[in-house]
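Q: how would this look folded up:
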Amino acid sequence: MATRKTTGRKSSKKSGAKKASTSRKSTAKRSGARKKTAKKSSSKSVARSKVKKAMHERKEGTLKSGRSGKTVKSRKQAIAIGLSEARKRGAKIPKKKGS
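A: Below is the predicted model of the structure:
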């Protein structure tokens, strides 16, 4: 009878060890998810910096449009230029929704 109890205890210890290892795996998955979110924020920061630069150039009067080469005076056009430059760098920015 004593041998049966000890074997039962051993099996419970093994299952406890398995539970600990599975919790480690779940933390590894979580750290992978954090890396993915970091990439998203970096593309946003690229877009943010490009738009900021375009707005600054517009305020100085040095921002030029691509085709005609005329100076840009519109705030909306400066934002559009900044977003298009960010897209060229590979930032994932959704297209403007149609109205």
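Q: What is the neighbour count of the closest residue to residue 85 other than its chain neighbours?
A: Nearest non-adjacent residue to residue 85, counting by Cβ to Cβ, 6 or more residues apart in numbering: residue 50, 4.7 Å away. Bear in mind the C-beta positions are built from the backbone N, C-alpha and C, glycine included. By the measure other Cβ atoms under 10 Å, the count of residues near residue 50 is 22.
Q: With residue 78 instead?
A: Around residue 78 there are 21 residues (other Cβ under 10 Å).
Q: And for the one 3 residues further on?
A: Here the count is done by other Cβ under 10 Å, and residue 81 has 23 residues near it.
Q: who touches it in this structure?
A: 54, 63, 65, 66, 72 (Cβ atoms under 8 Å, 6 or more residues apart in numbering).
Q: Kindly recompute the last result at 7 Å.
A: 54, 63, 72 (Cβ atoms under 7 Å, 6 or more residues apart in numbering).
Q: repeat for residue 72
A: Applying Cβ under 7 Å, 6+ apart to residue 72 gives the contacts 58, 63, 64, 65, 78, 81.
Q: Likewise for residue 43?
A: 91, 92.
Q: hang on, the earlier thing: from the contacts of residue 81, pick the one nearest residue 88.
A: Using Cβ to Cβ, residue 54 is the member of the contacts of residue 81 that sits closest to residue 88, with 12.7 Å.
Q: now residue 63, nearest residue through space, not along the chain?
A: residue 57 (3.8 Å).
Q: need the next SSE after the host helix or strand of the one you found, C-terminal direction.
A: Following DSSP states H and E, one finds residue 57 within helix 2-60. Sequence-wise, the next helix or strand downstream of helix 2-60 (DSSP H and E) is helix 75-89.
Q: Go through that next one and flag the buried ones.
A: 78, 80, 81, 82, 83, 85, 86, 87 (16 or more other Cβ atoms under 10 Å).
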